[in-house]
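[1] sequence first, predicted coordinates after that:
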Amino acid sequence: MARIDLDNIRHAYRPDPQSDDDYALKRVHHTFVDGGAYALLGPSGCGKTTLLNIISGLLRPSEGQILFNGNDVTDLPTEARNIAQVFQFPVVYDTMTVYENLAFPLRNRGVSEDIVDKRVREIITMIGLEERAKRKAQGLTADEKQKISLGRGLARADVNAILFDEPLTVIDPHMKWELRTQLKELHRRFGYTMVYVTHDQTEALTFADNVVVMYEGEIVQIGTPEELFERPTHTFVGYFIGSPGMNLLPVEVSGSSARMGQTVIELPSAPSQQSGKLELGIRPEFVSVGRSGYPVKVDKVEDIGRRKIVRARLEGQEIAAIVDEDAEIPAEAHVSFDQTHLNLYSNSWRVEMHGEAGHGA
Ligand SMILES: Nc1ncnc2c1ncn2[C@@H]1O[C@H](COP(=O)(O)OP(=O)(O)OP(=O)(O)O)[C@@H](O)[C@H]1O
């Protein structure tokens with residue numbers, strides 16, 4: 001497996017890019033460590049597939065270099081990069097059996113038949129197609145064919161990396177969960193370098209140790225699921241991760257106090273920066289509803305199983321709180337915030353609070 005360095009990569013599909021807006025990838029400078037499991041997460045059009053295609057060699061970046069284990073592969077074609085790829089839709093040989101499809105990448109590399117057999121049996125079990133081993137791929141469902149594609153991607157242990165582009169789109173929801181869990185287990189056992197593109201936060205958060213969040217052609221944060229939840233470095237991460245996403249309140253700051261209209265919210269300490277467009281971020285999980293705090297007008301309460309989402313207005317601004325299902329919502333409702341989970345953003349980027357070394361944008 002390999003360490004993959006993306007060295008100041010930029011990519012524009014148009015031939016004469018003038019400004020940052022003309023770049024599908026504005027600037028990506030990042031290392032995927034050897035054996036790491038990464039998810040590239042972001043909304044449609046943010047540049048995930050572009051980045052994956054640059055890693056695989058399907059696309060040459062307009063600027064920058066790609067290194068596999070320190071060797072420049074920027075000009076190498078896909079075949080010369082020794083990677084496995086699994087795409088959104090199945091790529092299988094219809095006239096081959098399930099077994100032969102899975103054996104293909106190994107036989108192609110001259111692997112001995114006893115090793116091929118051992119590996120193929122292992123993978124067939126993992127994807128749950130033991131019963132179908134001798135069946136031709138033709139005639140199998142799209143779901144089964146995609147499992148074969150997934151299995152083929154995992155067959156060889158000597159690849160530099162395995163790249164997945166939304167591989168579970170056609171798989172049914174229950175099997176999705178099972179395959180994700182197995183991918184994670186395989187990663188733990190074999191230490192593959194894996195890069196997994198998805199726009200689905202659940203998929204990213206359950207698969208990856210490190211989630212790379214992309215927004216408008218840039219990486220806005222790389223972190224563990226906990227870090228993305230606790231300390232989103234960009235308002236987009238706050239909004240995109242979590243359900244509902246982070247509350248963002250426009251504020252003015254003076255010292256360690258944030259003011260929104262008549263409401264003054266005490267911050268844990270004075271922020272290191274107080275200029276630009278300032279927003280206070282607090283996740284709904286850290287907003288309490290009760291009789292004390294800041295007065296709000298409750299718009300509606302949604303039942304989400306064992307918890308409820310309270311949607312209210314504070315100084316006219318929408319705010320959501322997640323509370324227990326049996327929590328009382330008083331007629332004169334107030335909200336209060338867990339101060340340790342307050343985040344301040346200036347022009348969308350998180351600002352460090354004094355005494356908060358090593359964190360923030
Ligand atoms: N072949 C192409 N020619 C021109 N523009 C393209 C091409 N492929 C992608 N783009 C543009 O580049 C930007 C990034 O697209 P990309 O497909 O990488 O995003 P994505 O995050 O993978 O989205 P999706 O989840 O919808 O696939 C988008 O604005 C898209 O319209």
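    All right, it came through fine. Residues are numbered from 1 along each chain as shown.
[2] now the residue of the stretch 251-361 of the chain found nearest the ligand. Nearest residue, chain neighbours left out?
    In the stretch 251-361 of the chain, the residue that lies nearest the ligand is S348 (19.0 Å; C-beta to the nearest ligand atom). (Glycine included, C-beta is placed from N, CA and C.) Among residues not flanking S348 along the chain, T235 sits closest, at 4.6 Å (C-beta to C-beta, 6 or more residues apart in numbering).
[3] tell me who's in contact with the residue of the stretch 251-361 of the chain closest to the ligand.
    Residues near S348 by C-beta atoms under 8 Å, 6 or more residues apart in numbering: 234-236, 277, 279.
[4] can I get these in CSV with pLDDT, secondary structure and neighbour count?
    Putting the contacts of S348 into CSV (pLDDT from 0 to 100; DSSP: H, G, I helix; E, B strand; the rest coil; neighbours: other C-beta atoms under 10 Å) gives the following:
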residue, pLDDT, secondary structure, neighbour count
H234, 96, strand, 19
T235, 97, helix, 22
F236, 96, helix, 22
K277, 96, coil, 11
E279, 97, strand, 23
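[5] max pairwise distance over those residues: which two?
    Between any two of these, the greatest separation by C-beta to C-beta is 14.0 Å, found for F236 and K277.
[6] who's in contact with the nearest residue to D34 once chain neighbours are set aside?
    For D34, ignoring the flanking residues on the chain, the nearest one in space by C-beta to C-beta, 6+ apart is R3 at 4.3 Å. If you count contacts by C-beta under 8 Å, 6+ apart, R3 has them with 31-34, 68-70, 193.
[7] just the buried members of these?
    For these, a burial check counting by 16 or more other C-beta atoms under 10 Å picks out 32, 34, 68, 193.
[8] out of those residues, list just those in strands.
    Judged by DSSP state E, those include 32, 68 as members of strands.
[9] which of the buried ones among the contacts of R3 sits closest to the ligand?
    Looking across these and measuring by C-beta to the nearest ligand atom, the closest to the ligand is F32, at 17.1 Å.
[10] before we move on, back to that, can you add distance to K176 and pLDDT and give the contacts of R3 back as TSV?
    Shown next, in TSV, are the contacts of R3 (distance: C-beta to C-beta, whole Å; pLDDT from 0 to 100):
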residue	distance to K176	pLDDT
T31	29	95
F32	24	95
V33	27	95
D34	28	94
F68	30	97
N69	32	96
G70	36	97
T193	22	93
